[in-house]
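Participant: Provided below are the primary sequence and the corresponding predicted coordinates.
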Amino acid sequence: MAHGLIEVERKFIPGPGTEERLRELGGTLEHRVTFQDSYYDTPKLSLMRADYWLRQREGSGWELKCPGTAGVSGPHTEYKELTVECAIVAQLCEVLDTEVLGTGGVAAVLGPLGLQEVASFVTKRSAWKLVLLGAEEELPLRVDLDTADFGYAVGEVEALVHEEAEVPTALEKIHSLSSLLGVSEQEKAPAKLIVYLQHFRPQDYQHLLEVNSSKERPQGTQHSDCSLG
């Protein structure tokens, strides 16, 4: 698989005082933005069932999230992100067990690979950045506070690293910041896409859970049965 950044993240349910707490901790509001995400998969959700997530984001292009090495348990996820289209196409062909389809972009292979839009929604995001004071190694953390147009609000503490060896340090800082934000150690929150499927495509949502009932759920669905508040 082509190499990409490793995204280590933890999702949580933000409260009315989350932004003020970020300011108190020295966080900087980088921007507020509204964007639309469209997710693609086969009719049988072959990608999601294998824990791969293909997204086209308005203004940002295509991204494929690929499962990372699950080395540490807990309420976090770890993915490798591919954003170069030729690398995405190669990985899609591998996951779907199809011969590599030329050198075209992602849009050109959607039809041949049987991929179709399975979800599309608009998100309002406030994006924050901070470095924990007193940390031995400075690792910038991002905190995204999202509200989707179907009413679901979720926060995400994220670190991007280049090597698996850096993941434990990233996790330590993510959990430290989560605690400072008042997130309980065991709090779990589902991704926006999972909640979208649960609300608007319940048969697909149930199918996604059922096909993984006999094994560990994909990272994106592992917390999908928790209370949404």
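Facilitator: Looks like it came in fine. Numbers count the residues shown, from 1 in each chain.

Participant: Against residue 158, how distant is residue 52?
Facilitator: 19 Å (C-beta to C-beta, to the nearest Å). Just so you know, the C-beta spots here come from the backbone N, C-alpha and C atoms, and that holds for glycine as well.

Participant: Which residue ranges of the chain form strands?
Facilitator: Per DSSP state E, the chain carries strands over the ranges 5-12, 28-41, 53-57, 61-67, 77-82, 116-130, 141-148, 153-161.

Participant: In this protein, which helix is the longest?
Facilitator: In the chain, taking DSSP state H as the definition, the longest helix is helix 167-180.

Participant: Where does pLDDT dip in this protein?
Facilitator: 1-4, 69-76, 102-103, 133-137, 212-229 (pLDDT under 70).

Participant: Residue 52 and residue 158 - which one has more neighbours?
Facilitator: Neighbours were counted for residue 52 and for residue 158 using other C-beta atoms under 10 Å; residue 52 has more, 22 against 18.

Participant: List the contacts of that one.
Facilitator: 64, 65, 66, 67, 91, 92, 95 (C-beta atoms under 8 Å, 6 or more residues apart in numbering).

Participant: May I have the phi/psi pair for residue 191?
Facilitator: phi -70, psi 160 (degrees, to the nearest 10).

Participant: Would you mind confirming that it is in contact with residue 154?
Facilitator: Yes - under the criterion of C-beta atoms under 8 Å, residue 191 makes contact with residue 154 at 7.4 Å.

Participant: Between the two, which contacts overlap?
Facilitator: Shared contacts of residue 191 and residue 154, counting by C-beta under 8 Å, 6+ apart, come down to residue 11.
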